[in-house]
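need the 3D shape of this:
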Amino acid sequence: MILVARGAPAAEFVVSVDGRSGPGAPGRSLFECAEELGVHVPTSCVKQGKCRECLVEVEEGGELLSPPAPQEAHLEGRFRLACRTRIVAPGAVRCRTLRRGALRIETEAEGLEEATPLDPAVTRDGDRVLVDGRPVAARPGPIHGIALDLGTTTVALRLYDLETGALEATQAFENPQRFGGSDVMARIRYDGEHKGRLLQRTLLGYLSRAVTALPCDPLTIYEAVVAGNPTMRDLFFGLDVAPIGVIPYRSTTEVALREGRAATTALSTTASKLRLPLHPEARVYGLPVVGSHVGADAAACLLALGLFDSDEVSAVLDIGTNTEAFVGNRKRLLAASCPAGPAFEGGGVACGMAALDGAVERVRLGDDGRAEMRVVGGGPPAGICGSGLVDLLSELRRTGRMNAQGRFQEEEGPLDLGGGLFLTEADVNELAQAKGANVAGLRVLLETYGIGAHDLHRLYLAGGFSRHLDVEAARRIGLVPEVGGDRMRQVGNAALHGAAIALCSVSRRRALEEAVKRVEHVRLETHPRFFDFFVEGCQFAPFGAE
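Next comes the predicted model:
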């Protein structure tokens, strides 16, 4: 975070970068200010404005900075390039770099089956390294692979030794494509309006640095397996994403499969073609998409949880900007995409933020109405992340300070939480609509399948947001059904875990490619009760009490 402190004297420049403060000066670039304070800003062009990687988001005082340079023509809203942006006037300027490490990005999965067969596509024959039996290198040493989860908000990857199956390292960072919008539809629109594959190039630049930071020679990485929603996956591979943004919302790979021009929706290319710093002949494999906005990340969840192998009927809810939901078993499996929006990831909420240091992740209201808050990383609160917002809504219902329609019972204006944080009824409305989309998606799938939530063998809550939920709080506001006992499981980053399984086991990868062809994609908007379910889901009342 770069900050020229609020309230500084009229002629004084005080600059803070990610919490580190020092004097500023007119004419200094934000990049130079960060360097002087010991804060790393990503770059691969040494401040020439060519790589477009030194992104910062200006949160206050943009009028005190130099006008956008030609190299920033692709940026909109509050985003700037640190190397091109200079301080031109005294006052308060606040912005932040895209974070790596400080963001609580989920890279682990819990309670999932670990008995994955070790039969990777990458093998060794003497000094030769083979991919699916084809020689790609002649060198001794280890053979590595990476599993990659491309989220709309965050990116996470794991490094594996493919000869032993051992996990060797993880990396995670904010998705730098945020300058193109906070949701997939915004990024599809941005990609269509700007030439040069800017979203792809920026992501690949950040990913390249994450790879080179791994504890291995990048040239010993011979395969990467990629999970992501259809938009994130196809942007990564440089495909046209425009068809995903219009009815019937299909990836070009799904269209090719339906027309008989391809046998799978999976993708494959080489590291050299993507200019990734792996072995040039390393294969970069994109997991298959399920259909419409139900993507390769959802397919990876299926693989991690084994739904297409099970006789028991279970459900999966991976809550995010675009929530994916599944209901079924090996005999029949339904899927739906729920366009929930970014509210539960902090977007559209006045004091909302991602799970960075400083984010409130737990909230309890005392009898006197005062809020007790737990903050990620300790220290003073800077905003509220998704798990904290769910806690807060639950506490407002528990204490009677908010009714089921999301209206404050006594307060007029914003609800003051202390520490400079507040919640408005407009914020509650954003959260209600996000919750309504999630609830409607799951209810449509359950009704289509002909069962109720009480019939489920398991309800898996997948993803980083779900991993940190207080389940009782989520039940109280009706975000998740009243599924009791051990039938509800929070499993963390199942998409990344599934990508890892596909990396370490080519047989499981092939089984997934066949399984996704059997999944029935349910279009929520065509279901006769979708609107009713959505309206009911917007209420802060228990879900599925049957």
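
quick one, phi psi at residue 206?
With angles defined as degrees, to the nearest 10, residue 206 sits at phi -70, psi -40.

thought it was touching residue 173?
Yes: between residue 206 and residue 173 there is a contact at 6.0 Å, judged by CB atoms under 8 Å. Backbone N, C-alpha and C define where each C-beta goes, glycine included.

which residues are in contact with each of the two?
98, 155 (CB atoms under 8 Å, 6 or more residues apart in numbering).

so where's the protein uncertain?
The chain contains residues with pLDDT under 70 at 1-11, 19, 99-115, 485, 544-546.

domains of it?
Listed domain ranges for the chain are 2-97, 122-304, 351-423 (source: automatic domain parsing).

so for residue 450, which of those sits nearest?
domain 122-304 (20.5 Å; CB to CB).

what's the span of that closest one from first residue to last?
Start-to-end span of domain 122-304 (CA to CA, to the nearest Å) is 21 Å.

other SSEs contacting the helix ranked longest in the chain?
With DSSP state H applied, the helix covering the greatest number of residues in the chain is identified as helix 425-449. Using 3 or more CB pairs under 8 Å, 6 or more residues apart in numbering; DSSP states H and E, the elements in contact with helix 425-449 are strand 314-318, strand 323-328, strand 333-338, helix 386-398, helix 530-537.

mind checking which of these is nearest residue 57?
Nearest to residue 57 among the helices and strands packed on helix 425-449 is helix 386-398; the distance by CB to CB comes to 19.0 Å.

what is the subsequent helix or strand relative to the closest one?
Following helix 386-398 in sequence order, the next helix or strand is strand 415-418 (DSSP states H and E).

number of nearby residues for the nearest residue to residue 282 once chain neighbours are set aside?
Spatially, and ignoring its direct neighbours in sequence, residue 282 is nearest to residue 271 (4.1 Å; CB to CB, 6 or more residues apart in numbering). Residue 271: 22 surrounding residues under other CB atoms under 10 Å.

ok, residue 271 to residue 277 distance?
According to CB to CB, to the nearest Å, residue 271 and residue 277 sit 8 Å apart.

please apply the same query to residue 352.
The gap separating residue 352 from residue 277 is 35 Å, by CB to CB.

one more: residue 283?
As judged by CB to CB, residue 283 and residue 277 stand 15 Å apart.

which one of these two is surrounded by more residues?
Neighbour comparison, residue 283 and residue 277: the larger count goes to residue 283, with 21 against 16 (by other CB under 10 Å).

restrict stretch 252-270 to CA atoms and write it as CSV.
This file holds the C-alpha atoms of stretch 252-270, laid out as CSV (Å, rounded to 0.1, in the frame of the first residue of the first chain):
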residue,chain,number,x,y,z
THR,A,252,-14.7,-21.9,-28.0
THR,A,253,-13.5,-25.3,-26.8
GLU,A,254,-17.1,-26.3,-25.7
VAL,A,255,-18.4,-25.2,-29.1
ALA,A,256,-15.7,-27.3,-30.8
LEU,A,257,-16.7,-30.3,-28.7
ARG,A,258,-20.4,-29.9,-29.5
GLU,A,259,-19.7,-29.5,-33.2
GLY,A,260,-17.6,-32.7,-33.3
ARG,A,261,-14.3,-30.8,-34.1
ALA,A,262,-12.7,-31.8,-30.8
ALA,A,263,-12.8,-34.8,-28.5
THR,A,264,-12.4,-32.8,-25.3
THR,A,265,-12.6,-29.2,-23.9
ALA,A,266,-9.1,-29.6,-22.4
LEU,A,267,-6.3,-27.5,-23.8
SER,A,268,-2.6,-28.1,-24.4
THR,A,269,0.3,-26.0,-25.5
THR,A,270,4.0,-25.6,-24.6
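
contacts for it?
Residues outside stretch 252-270 that contact it (CB under 8 Å, 6+ apart) are 226, 230, 233-234, 237, 239-240, 243, 250-251, 280-289, 291-292, 513, 516-517.

of these, which belong to strands?
Using DSSP state E, the members of the contacts of stretch 252-270 that fall within strands are 226, 283, 284, 285, 286.

contacts only, for the second one.
Each residue near residue 283 by CB under 8 Å, 6+ apart is listed here: 121, 131, 222, 223, 224, 268, 269, 270, 271.

redo that, cut-off 7 Å
131, 223, 268, 270 (CB atoms under 7 Å, 6 or more residues apart in numbering).

what distance do you get for it to residue 146?
Taken as CB to CB, the span from residue 283 to residue 146 is 11 Å.

then the fourth one?
Taking CB to CB as the criterion, residue 285 is separated from residue 146 by 11 Å.

repeat for residue 239
21 Å.

please say which of the two ends up with more neighbours.
Counted by other CB under 10 Å, residue 239 and residue 146 do not tie: residue 146 has more neighbours, with 31 against 20.

before we move on, back to that, buried sites along the longest helix of the chain?
425, 427-449 (16 or more other CB atoms under 10 Å).

now it against strand 314-318, angle please.
Angle between the axes of helix 425-449 and strand 314-318 is 150 degrees (criterion: axes from the mean of the first three to the mean of the last three CA atoms, to 10 degrees).

now do helix 425-449: distance to the chain's middle.
Centroid displacement of helix 425-449 relative to its chain, using CA atoms, centre = their mean, to the nearest Å, is 19 Å.

go on, stretch 79-86?
Stretch 79-86 has its C-alpha centroid displaced from the chain centroid by 25 Å (CA atoms, centre = their mean).

again with stretch 229-245
Centroid separation between stretch 229-245 and its chain, computed with CA atoms, centre = their mean, is 15 Å.

list the buried ones in it?
For stretch 229-245, burial by neighbour count (16+ other CB under 10 Å) applies to 229-237, 239, 241, 243-245.

which ones are touching the residue nearest to residue 282?
When contacts are counted by CB under 7 Å, 6+ apart, residue 271 touches 278, 279, 280, 282, 284.

could you dump the domains of the chain into CSV with distance to residue 329 added?
CSV is the format used below for the domains of the chain (distance: least, CB to CB, whole Å):
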stretch, distance to residue 329
domain 2-97, 44
domain 122-304, 11
domain 351-423, 29
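
out of these, deepest packed?
Among the domains of the chain, the stretch with the highest mean neighbour count (mean count of other CB atoms under 10 Å) is domain 122-304, at a mean of 20.

coming back round to it: got the phi and psi for the residue nearest to residue 282?
Main-chain dihedrals, residue 271, degrees, to the nearest 10: phi -60, psi -40.

one more: the one 3 residues further on?
Dihedral pair for residue 274: phi -90, psi 0, per degrees, to the nearest 10.

ok, it - contacts?
204, 284.

tell me which element residue 156 is part of?
Using DSSP H and E, residue 156 falls within strand 154-161.

what's in contact with that strand?
Counting by CB under 7 Å, 6+ apart, 103, 105, 107, 142, 144-149, 166-175, 207, 210, 214, 216, 493, 496, 500, 503-504 sit against strand 154-161.

please save the CA atoms from whichever helix or strand comes after that strand in PDB.
Following strand 154-161 in sequence order, the next helix or strand is strand 166-174 (DSSP H and E). This file holds the C-alpha atoms of strand 166-174, laid out as PDB (Å, rounded to 0.1, in the frame of the first residue of the first chain):
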ATOM      1  CA  ALA A 166       6.100 -35.000  -3.000                       C
ATOM      2  CA  LEU A 167       4.800 -31.400  -2.600                       C
ATOM      3  CA  GLU A 168       7.900 -29.200  -2.600                       C
ATOM      4  CA  ALA A 169       6.500 -25.600  -2.500                       C
ATOM      5  CA  THR A 170       3.600 -23.300  -2.900                       C
ATOM      6  CA  GLN A 171       3.200 -19.800  -4.200                       C
ATOM      7  CA  ALA A 172       0.200 -17.400  -4.200                       C
ATOM      8  CA  PHE A 173      -0.600 -13.900  -5.300                       C
ATOM      9  CA  GLU A 174      -3.500 -11.600  -6.300                       C
END
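
mind giving me the packing neighbours of whichever helix or strand comes after strand 166-174?
Next helix or strand after strand 166-174 toward the C-terminus (DSSP H and E): helix 184-193. Packed against helix 184-193 by the contact rule (3 or more CB pairs under 7 Å, 6 or more residues apart in numbering; DSSP states H and E) you find helix 198-212, helix 230-237.
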